[in-house]
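# Could you work out the structure for the sequence below:
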Amino acid sequence: MENTLKTYLLSFIHLFFPRQCVVCGAPLQEGEEGICLTCNMDMPRTNYHVSKDNPVERMFWGKVPLERATSYFYYSKGSDFRRILHLLKYGGRKDLGGVMGRFMAAELAATDFFHDIDVIVPVPLHPRKKRMRGYNQSECIAHGVAAVTGIPIDIASVSRIKHTDTQTRKSVYERWENVDRIFCLRCPEQFKGKHILIVDDVLTTGATTTACADAFKEVEGVRISVLTLAVAE
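Presented below is the predicted three-dimensional model:
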């Protein structure tokens, strides 16, 4: 009875406030979430997860040793798909993090990408920024990934101890300087010998992700992999 009433209520709401694809604006059909089927099919996927030494992995060469790394789709300023990240980060659409995290994980789960990963660590926001935004978009993506894979999430062990300016308009050098030593790891002994998957929203220079991985560099036997929703072209 409760489920029936909920279905009727949602149908009534959608009649006056129809759900729309965040990419093209078309009404979403039953069973579609966030983006429509057409836009899902047209998404500029990287498919890097099927390639060893792919361009995302090469971004970290000489900076941090990784087991594997990939990004789900290409991000470019002229693409309509940039709206996914814009609405997720600045438009209050934290639901998109879970939706896209599930899409991404479902496709990667068909390979061995998640093999032997012990814990997911979303890149944390500084508490001040998280209060302003109301949520951490990387954490939302991580929950979507966890819903598909069953891998536990740890949002308490890594903290962002320095509030930094946005990376958006900074040069490559300024990006690296901006995130130097901004993360702190609590209880490092619990990660001994673990394989950690760091999850973030978008990869540009890799500076923030590398800084997060550096928090684990003194942990004995730790292994790191990286997964981001998008990578800048």
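
# Quick check, Lys130 in contact with Asn136.
Yes: in terms of Cβ atoms under 8 Å, Lys130 counts as a neighbour of Asn136; the distance is 5.5 Å. Quick note: C-beta positions are derived from backbone N, CA and C, even for glycine.

# So the two - more neighbours on which side?
Neighbour count, other Cβ atoms under 10 Å: between Lys130 and Asn136, Asn136 has more, with 21 against 15.

# And for the closest residue to the more buried one other than its chain neighbours, the neighbour number?
Nearest-residue entry for Asn136: Leu125, 4.7 Å, with adjacent residues in sequence omitted and distances by Cβ to Cβ, 6 or more residues apart in numbering. Here the count is done by other Cβ under 10 Å, and Leu125 has 19 residues near it.

# counting contacts, what elements does the helix or strand containing His86 pack onto?
Using DSSP states H and E, His86 falls within helix 82-90. Secondary-structure packing of helix 82-90 (3 or more Cβ pairs under 8 Å, 6 or more residues apart in numbering; DSSP states H and E): helix 95-108, helix 137-149, strand 195-203, strand 223-232.

# Which positions in the third one come out as buried?
It refers to strand 195-203. Neighbour-count burial for strand 195-203, counted by 16 or more other Cβ atoms under 10 Å, picks out His195, Ile196, Leu197, Ile198, Val199, Asp200, Asp201, Val202, Leu203.

# now the residues you listed as TSV including pLDDT and distance to Glu30?
Shown next, in TSV, are the buried residues of strand 195-203 (pLDDT from 0 to 100; distance: Cβ to Cβ, whole Å):
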residue	pLDDT	distance to Glu30
His195	98	38
Ile196	98	38
Leu197	98	33
Ile198	98	35
Val199	98	29
Asp200	97	32
Asp201	97	28
Val202	95	30
Leu203	96	34
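
# Just flag the most distant two among those residues.
Across those, the longest distance by Cβ to Cβ is 23.2 Å; it joins His195 and Val202.

# which residues are in contact with both of Lys130 and Asn136?
Pro124 (Cβ atoms under 8 Å, 6 or more residues apart in numbering).

# which residues touch the residue nearest to Cys184 when sequence neighbours are not counted?
Distances taken as Cβ to Cβ, 6+ apart place Ile161 nearest to Cys184, at 4.7 Å, with adjacent residues excluded. By Cβ under 8 Å, 6+ apart, the residues touching Ile161 are His126, Ile182, Phe183, Cys184.
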